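Peer 1: Structural data only, the sequence is not supplied:
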């Protein structure tokens with residue numbers, strides 16, 4: 001059985017007038033998963049990001065250059 005790494009995402013302090021709405025689990029630590037986790041955390045949810053590998057970033061972390069600016073992805 002593989003070990004699964006779970007990280008709790010916090011987008012910073014929430015406003016005093018709002019309280020956490022609930023908790024969600026985002027499966028996959030690629031670019032879309034990371035962005036979804038941050039958006040949900042900014043909306044007031046507790047977010048648990050689950051990734052099966054030891055690093056996040058998905059396929060994006062394997063790229064040398066990014067389109068369209070050709071910036072270094074590392």
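Peer 2: Thanks, I have the structure now. Just so it is clear, the model here is predicted, and its values are computed rather than measured.
Peer 1: Look up phi and psi at residue 49.
Peer 2: Phi and psi for residue 49, reported as degrees, to the nearest 10, are phi -100, psi 120.
Peer 1: these two touch, right, it and residue 29?
Peer 2: Yes: if you go by CB atoms under 8 Å, residue 49 and residue 29 touch, sitting 5.7 Å apart. For the C-beta atoms, the positions are set from N, CA and C on the backbone; glycine is no exception.
Peer 1: Low-confidence stretches in this protein?
Peer 2: The chain contains residues with pLDDT under 70 at 1-20, 73-74.
Peer 1: at 90 what do you get?
Peer 2: For the chain, residues meeting the criterion pLDDT under 90 lie at 1-21, 31, 53-74.
Peer 1: now the helices for this protein?
Peer 2: 31-42 (DSSP state H).
Peer 1: can you map out the strands along it?
Peer 2: 5-9, 23-27, 46-51, 65-66, 71-72 (DSSP state E).
Peer 1: Check the ones you listed for me and report the most buried one.
Peer 2: strand 46-51 (a mean of 18; mean count of other CB atoms under 10 Å).
Peer 1: ok, back up a step: looking at the strands of the chain, spot the one closest to residue 38.
Peer 2: strand 5-9 (6.5 Å; CB to CB).
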